[in-house]
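Colleague: no FASTA, just this:
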């Protein structure tokens, strides 16, 4: 068996849910506890790198704080900013081990948003460990940043900055493409989400385990307020959670030294990502995501698998549109008839802002170990508004293909070796070639055709339509309709494909 193999030396998750914020610990302490729950201490002490995705906290170098708490004092630290795929850290960690640069890498993240929420509600102040700009070791050794903006200036100018607004438009575009009635569409996405809720009910680590059926999810109310048509609160990722997770990746030699049972270990077999960044309103085909198909199939191919070989899935689940477009691209049903999650998803299991993929990976490791030798799982991630896509293939048993990550190679390529190991490919260039793009214009005078839209609310009342409007075969404008009557009608009468009159960046329904 090759030393190039990448082993999950440990995976652990922790959660706290305390109404008294003074009794709750801060995010970095949750992260340290997750590392303790994940690992053999001897592995962590020899960690070469500690990687942390940026969260909604103020630490300048959370990785350094965690490393000191868990005894990994010699580790380099890496922080990935919001907008970098969460799977990037897992794939980079595996790559460092596969090419011999590192023996042990800890990837850890966490949030204490519920603690902060309870502090605001109760008026009881809480604090977190401070790292001043002049404090030694207050900056990570490496910071990963996204290459471009996720939202276009035109979307920002129209107030379309919340992810729920963009994902709602993607879901509406799928409905129109399918020729599905609005009421039927609402039922179908609620049924999908109810299937996620059912999984969460059986997940002891899920944040919201209360049973919820399709009707409750689909019906707007004060407790399930509409956010952006067709989405209510319970279609939305819930980020006010206190959760942390850690995955300890190591070489075969390090695993042996630490006494890891390789007969029942989980291996990181392959990973891919696509980092082309096209804003939602500029996507030529709003109803599909070619990059998922390309990067997803490449990941399975690198692991030597077909879709039929995959036992378990964790499809990134910030909103129904993300799940539905990924599922369709991969060739999976999106109607809830097959389990697409082992956690219950970001609405019910909990969706810490930039850390859910680690939570999901921990649960996937547990589920694969329960299945035994020869089991395989696929974990996916998206960044932004289904803007970037990432995949990690895990499996029990030895590594399956003979490739290692090669940062210097061109996109879409991988290097092969004569022994089993981790495989990685960057599919950005191929995805870009398969993704149609429309030009955006700031204003337009004349008629246009609605490509997609969403309705924004004032409380429970429809107030404004935000639409992406085709104004020529190659150009689009992002525009608003401020007529509440038209907004109300658009929640039950299809607006996609309708002709509208555009005046600058406003429009009226004809």
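Modeller: Thanks, I have it. Only a predicted model underlies this, so the values are computations on that prediction, with no experimental measurement involved.
Colleague: alpha carbons only for contacts and neighbour counts from here, please
Modeller: OK.
Colleague: Which residue ranges make up the domains of this protein?
Modeller: Recorded structural domains for the chain (assignment: automatic domain parsing) are 6-141+240-434, 439-509.
Colleague: Mind putting those into CSV with mean pLDDT?
Modeller: Formatted as CSV, the domains of the chain follow (pLDDT from 0 to 100):
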stretch, mean pLDDT
domain 6-141+240-434, 91
domain 439-509, 97
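Colleague: Please identify which of the ones you listed is closest to residue 176.
Modeller: In this view, the domains of the chain are compared for proximity to residue 176 by C-alpha to C-alpha, and domain 439-509 is the closest at 6.3 Å.
Colleague: measure the closest one end to end?
Modeller: Distance across domain 439-509, first residue to last, is 23 Å (C-alpha to C-alpha, to the nearest Å).
Colleague: which helix of this protein spans the most residues?
Modeller: Determined from DSSP state H, the single longest helix within the chain is helix 182-201.
Colleague: quick revisit: so which of the domains of the chain is nearest residue 182?
Modeller: Nearest to residue 182, of all the domains of the chain, is domain 439-509, at 6.1 Å by C-alpha to C-alpha.
Colleague: Tell me the bridge partners for residue 245.
Modeller: residue 13, residue 109 (DSSP bridges).
Colleague: quick one on the thing from earlier: what residues does the longest helix of the chain touch?
Modeller: Helix 182-201 has contacts (C-alpha atoms under 8 Å, 6 or more residues apart in numbering) with 175, 206, 208-215, 217-218, 230, 235, 320, 334-336, 339-345, 348-349, 491-494.
Colleague: Summarise which helices and strands the helix or strand just after that helix is packed against.
Modeller: Remark: after helix 182-201, the chain's next helix or strand is helix 214-218, criterion DSSP states H and E. Packing contacts for helix 214-218, counted by 3 or more C-alpha pairs under 8 Å, 6 or more residues apart in numbering; DSSP states H and E, involve helix 182-201, strand 231-232.
Colleague: those helices in the stretch 401-510 of the chain, which residues are they?
Modeller: Here the stretch 401-510 of the chain has its helices, by DSSP state H, counting those that start in this stretch, at 428-434, 484-489.
Colleague: Throw these into TSV and include distance to residue 272, thanks.
Modeller: Shown next, in TSV, are these (distance: least, C-alpha to C-alpha, whole Å):
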stretch	distance to residue 272
helix 428-434	9
helix 484-489	41
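Colleague: that older thread, relative to residue 120, which of the helices and strands packed on helix 214-218 is closest?
Modeller: strand 231-232 (24.0 Å).
Colleague: pLDDT on that closest one, on average?
Modeller: Taken as a whole, strand 231-232 has an average pLDDT of 98.
Colleague: which other residues reach it?
Modeller: With C-alpha under 8 Å, 6+ apart as the criterion, strand 231-232 contacts 164, 168, 217, 218, 219, 220, 224, 225, 226.
Colleague: which SS state does the residue nearest to residue 73 when sequence neighbours are not counted fall under?
Modeller: Nearest residue to residue 73, sequence neighbours excluded (C-alpha to C-alpha, 6 or more residues apart in numbering): residue 67, at 5.8 Å. Three-state assignment for residue 67 (DSSP: H, G, I helix; E, B strand; the rest coil): helix.
Colleague: picking that back up, of all the helices of the stretch 401-510 of the chain, which one is nearest residue 56?
Modeller: Smallest distance to residue 56 across the helices of the stretch 401-510 of the chain (C-alpha to C-alpha): 28.2 Å, for helix 428-434.
Colleague: who touches that closest one?
Modeller: With C-alpha under 8 Å, 6+ apart, helix 428-434 has contacts from 273, 274, 275, 276, 290, 291, 294, 295, 411, 412.
Colleague: Just among those residues, which is most surrounded?
Modeller: When neighbours are taken as other C-alpha atoms under 10 Å, the top entry among the contacts of helix 428-434 is residue 273 (32 neighbours).
Colleague: Tell me how far it lies from residue 295.
Modeller: 6 Å.
Colleague: Overlap in contacts, those two.
Modeller: Each of 389, 390, 391, 427 lies in contact with both residue 273 and residue 295 under the rule C-alpha under 8 Å, 6+ apart.
Colleague: Mind checking which of those residues are buried?
Modeller: Buried by 16 or more other C-alpha atoms under 10 Å: 389, 390, 391, 427, out of the shared contacts of residue 273 and residue 295.
Colleague: Can you redo these as CSV, where the extra columns are distance to residue 89 and secondary structure?
Modeller: Formatted as CSV, these follow (distance: C-alpha to C-alpha, whole Å; DSSP: H, G, I helix; E, B strand; the rest coil):
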residue, distance to residue 89, secondary structure
389, 13, strand
390, 10, strand
391, 11, strand
427, 16, coil
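Colleague: List the contacts of the residue nearest to residue 467 when sequence neighbours are not counted.
Modeller: Closest residue in space to residue 467, ignoring its immediate chain neighbours: residue 453 at 4.0 Å, by C-alpha to C-alpha, 6+ apart. Going by C-alpha under 8 Å, 6+ apart, residue 453 touches 168, 169, 172, 173, 465, 466, 467, 468, 495, 496.
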